[in-house]
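> coordinates for the following, if possible.
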Amino acid sequence: MSNRRDFLKNISLFTAGGLLAGKAGSVNAANAALGVVDEVHAGKEIGLQIYSLSQELYKGDVAANLRKVKDMGYSKLELAGYGKGAIGGVPMMDFKKMAEDAGLKIISSHVNPVDTSISDPFKAMIFKYSKEVTPKIMEYWKATAADHAKLGCKYLIQPMMPTITTHDEAKLVCDIFNQASDVIKAEGIATGFGYHNHNMEFNRVATKEQQEKVKGNPFAAFMKVGDQIYDLMLKDTDPSKVYFEMDVYWTVMGQNDPVEYMQKHPDRIKVLHIKDRAVFGQSGMMNFEMIFKQMYANGIKDYFVELEQMPDGRTQFAGVKDCADYLIKAPFVK
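Residues are numbered from 1 along each chain as shown. As a prediction, this is how the structure comes out:
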């Protein structure tokens, strides 16, 4: 979680015979050396959350860096770092053109409501919701949705949880999510409001009555008291207005099963973040085969690779390529 918050803060600083066979082998070898994706894998539609590249994306030639992303095997992008009509300091329409020239389609974006009267983008982020701050939140969504409609985004998704410590706070947040969806749809993004989870959404809020039931019980620390915030979000948001982008890794870190959630809520979870502790398949923590099997069963079309900071000192680009290679080679990924 600190990685994402640090990123959001730092991003603000950027305003037919043997001969033919032999030739084919040479071409394939050259392509492999250049990191060009084999045609046999061209049908796999892999998305990338650009947060995965951190500041590396903006070092040097951004257009060339986006071409590298395409050459790794990615075809779709989910943005991060939007602010004041720019993506990571690059004017958004310039960023769109560079992405499209590279063969990448922008279909989603992560954004968090901010108070535009505060100059520091990180301090301006609104975490404490109230009736008084709701007009500022709606003002933000109106302008942000209008910009992202110009980018051609299919999804507009909030990736950070507002403060929720009680059932009443959860209900207020859900009401504001519903209102935000109406504003977003009015600006031309038909899917409305999307929400992305971390692990905090699997914390529990308990009423006094629920707390009293286990008071004095020596095993109270092991008992699941109260309601998970994520479940309250699913219950109290309007299914016609609010959808969910499930981050499968953070769901596991919240001691829950992403496959079970997809089975229980096939009409609410529309997008996935595919993620591991670092490079895919190296931690032993994630059952990606079962996740993809359920994803296809649910008819989910879009997912995005997300990679936190690399623990081995290599670049984010190297890790992002390794993740693409894992998915390209995985027989369970269509």
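
> how about the host helix or strand of Lys185: buried residues?
Lys185 is part of helix 167-186 when elements are defined by DSSP states H and E. For helix 167-186, burial by neighbour count (16 or more other C-beta atoms under 10 Å) applies to 167, 169-170, 172-181, 183-185. Placement of C-beta: from N, CA and C, glycine included.

> quick one: which of those is nearest Ser240?
Ser181 (8.5 Å; C-beta to C-beta).

> just the strands in the stretch 151-300 of the chain please.
Secondary structure of the stretch 151-300 of the chain (DSSP state E, counting those that start in this stretch): strands located at 155-158, 193-196, 204-205, 227-228, 242-247, 269-274.

> reformat the ones you listed as CSV; add mean neighbour count and distance to Lys293.
Shown next, in CSV, are these (neighbours: other C-beta atoms under 10 Å; distance: least, C-beta to C-beta, whole Å):
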stretch, mean neighbour count, distance to Lys293
strand 155-158, 24, 23
strand 193-196, 25, 22
strand 204-205, 16, 29
strand 227-228, 16, 24
strand 242-247, 24, 15
strand 269-274, 24, 12
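
> so for Glu45, which of those strands sits nearest?
Across the strands of the stretch 151-300 of the chain, closest to Glu45 is strand 269-274 (C-beta to C-beta), at 12.4 Å.

> that older thread, which single one of the buried residues of helix 167-186 is nearest to Leu232?
Nearest to Leu232 among the buried residues of helix 167-186, counting by C-beta to C-beta, is Ala170 at 4.4 Å.

> which one is that closest one nearest to, not counting chain neighbours?
Leu232 (4.4 Å; C-beta to C-beta, 6 or more residues apart in numbering).

> and Val279, by the same measure?
The nearest residue in space to Val279 (C-beta to C-beta, 6+ apart) is Asp322, at 4.5 Å.

> and the one you found, what element?
Per DSSP H and E: Asp322 is located in helix 316-329.

> quick one: the strands in the stretch 1-150 of the chain, in order.
Taking DSSP E, counting those that start in this stretch as the criterion, the stretch 1-150 of the chain carries its strands at 46-49, 74-79, 82-83, 86-87, 90-91, 105-110.

> who wins for proximity to Ala330 among the ones you listed?
strand 46-49 (10.6 Å).
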